[in-house]
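Asks: 3D model of this:
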Amino acid sequence: MTEIHTGTAIMTVDVMNLFIRECDAEVYEPAGHTGTFNRRLVGPTQGAKHLEVVIGTIDPGQGASPHFHPGIDQFCYMLDGEAEVTIGETRRVIKQGESCFFPAEMQHIFVAKGVKPIRVLVVYGPPYGEGARVDL
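Replies: Numbers count the residues shown, from 1 in each chain. Below you'll find the predicted structure:
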């Protein structure tokens, strides 16, 4: 454990938790999703209070059912493949290098397209954990 001076406080952290490799992050299947396998890169374990960063792998035709996150913004950046994204009544396909943003409380659906699994970088603010989801 190391003491880090943040400018306004002193935090005690395990600095090794601040260097993250995707292959070392534990795989989990998020609630309300099918064929989705996430790895949490940054979250409360690293001391994050204002954001969470996840890499998701989603099988073709699978993904998130209609839902929203109370009080949590979500940003998705496509690393590989394409997904059909529905925000409210608007539907659009996003591809590698493109992104979408779901403001807190905004209803959305996210489904992988194509014939191979997709990879997506997801950022939540504040951290999502696994309890802040309202299914529709």
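Asks: My guess is H108 contacts E84. True?
Replies: No - assessed by C-beta atoms under 8 Å, H108 is found out of contact with E84, at 11.1 Å. (Glycine included, C-beta is placed from N, CA and C.)
Asks: more crowded one of these two?
Replies: Between H108 and E84, H108 has the larger neighbour count (other C-beta atoms under 10 Å), namely 21 against 15.
Asks: and the gap between that one and E26?
Replies: Distance of H108 to E26, given as C-beta to C-beta, to the nearest Å: 25 Å.
Asks: and what of G56?
Replies: G56 is 13 Å from E26, by C-beta to C-beta.
Asks: just I87 next, same as before
Replies: From I87 to E26 the distance is 30 Å (C-beta to C-beta).
Asks: same check, this time on N38
Replies: From N38 across to E26, the span is 9 Å (C-beta to C-beta).
Asks: Same drill for those two, tell me which one is more crowded.
Replies: Ranked by neighbour count (other C-beta under 10 Å), N38 and E26 place N38 first, with 20 against 8.
Asks: Give the buried residues for the helix or strand that that one is a member of.
Replies: Using DSSP states H and E, N38 maps to strand 33-42. Buried residues in strand 33-42, defined by neighbour count with 16 or more other C-beta atoms under 10 Å: H33, T36, F37, N38, R39, R40, L41, V42.
Asks: could you check the angle strand 33-42 makes with the following helix or strand past it?
Replies: Next along the chain after strand 33-42, taking DSSP H and E as the criterion, comes strand 52-68. Put simply, strand 52-68 runs at 150 degrees to strand 33-42, going by axes from the mean of the first three to the mean of the last three C-alpha atoms, to 10 degrees.
Asks: isn't there a strand covering E105?
Replies: No - going by DSSP: H, G, I helix; E, B strand; the rest coil, the assignment for E105 is coil, not a strand.
Asks: what's the residue nearest to E84 when sequence neighbours are not counted in contact with, if anything?
Replies: When the adjacent residues along the chain are set aside, E84 lies closest to V111, with 4.9 Å between them (C-beta to C-beta, 6 or more residues apart in numbering). Neighbour list for V111: I58, G61, Q62, G63, A64, A83, E84, V85 [criterion: C-beta atoms under 8 Å, 6 or more residues apart in numbering].
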